[in-house]
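Enquirer: pasting the structure only:
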C-alpha cells in the first residue's frame, strides 16, 4: 500500500472542526490499513496550548523520525 502514514493532532474544544471529525478520520484510516496516530489536546482549540506543546512536539518528532527515517533508508 502506498498511502502515507498520517498523524492527526487536534484540540478537543474547537467548534469549527469538532474532535469527532479527527477521531472518525483516524478510525477510517485504520480500517483502510493506513498507519495513523491520533493525539487529542485537552481543553484547547485547534492545536495544543503552550503547556501541551512539548507533548505535540515530542509526538510529531518521533512520528517523523520513525517514518521519514524509513523513507530515507529505502531511497538509498
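Expert: Yep, it's here. For clarity, every value in this text was computed on a predicted model and none was experimentally measured.

Enquirer: what residues are up against the residue nearest to residue 32 when sequence neighbours are not counted?
Expert: In space, and not counting its chain neighbours, residue 32 is closest to residue 3: 7.2 Å by C-beta to C-beta, 6 or more residues apart in numbering. Using the backbone N, CA and C atoms, a C-beta is placed for each residue, glycine as well. Residues in contact with residue 3 (C-beta atoms under 8 Å, 6 or more residues apart in numbering) are 29, 32, 34.

Enquirer: next SSE downstream of whatever helix or strand the first one lives in?
Expert: Mapping residue 29 onto the secondary structure by DSSP states H and E places it in helix 19-31. Counting by DSSP H and E, the element after helix 19-31 in chain order, helix or strand, is strand 36-41.

Enquirer: and that following strand, average pLDDT?
Expert: Per-residue pLDDT values over strand 36-41 give a mean of 90.

Enquirer: quick one: residue 55 is in a strand?
Expert: No - per DSSP: H, G, I helix; E, B strand; the rest coil, residue 55 lies outside any strand segment and is helix.

Enquirer: ok so, going back, including distance to residue 63 and neighbour count, could the contacts of residue 3 go into JSON lines?
Expert: Formatted as JSON lines, the contacts of residue 3 follow (distance: C-beta to C-beta, whole Å; neighbours: other C-beta atoms under 10 Å):
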{"residue": "29", "distance to residue 63": "14", "neighbour count": "18"}
{"residue": "32", "distance to residue 63": "18", "neighbour count": "10"}
{"residue": "34", "distance to residue 63": "14", "neighbour count": "15"}
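
Enquirer: about what we covered before: ok and the helix holding residue 29 relative to strand 36-41, angle-wise?
Expert: 160 degrees (axes from the mean of the first three to the mean of the last three C-alpha atoms, to 10 degrees).

Enquirer: buried set for helix 19-31?
Expert: For helix 19-31, a neighbour-count test (16 or more other C-beta atoms under 10 Å) marks 22, 26, 29 as buried.
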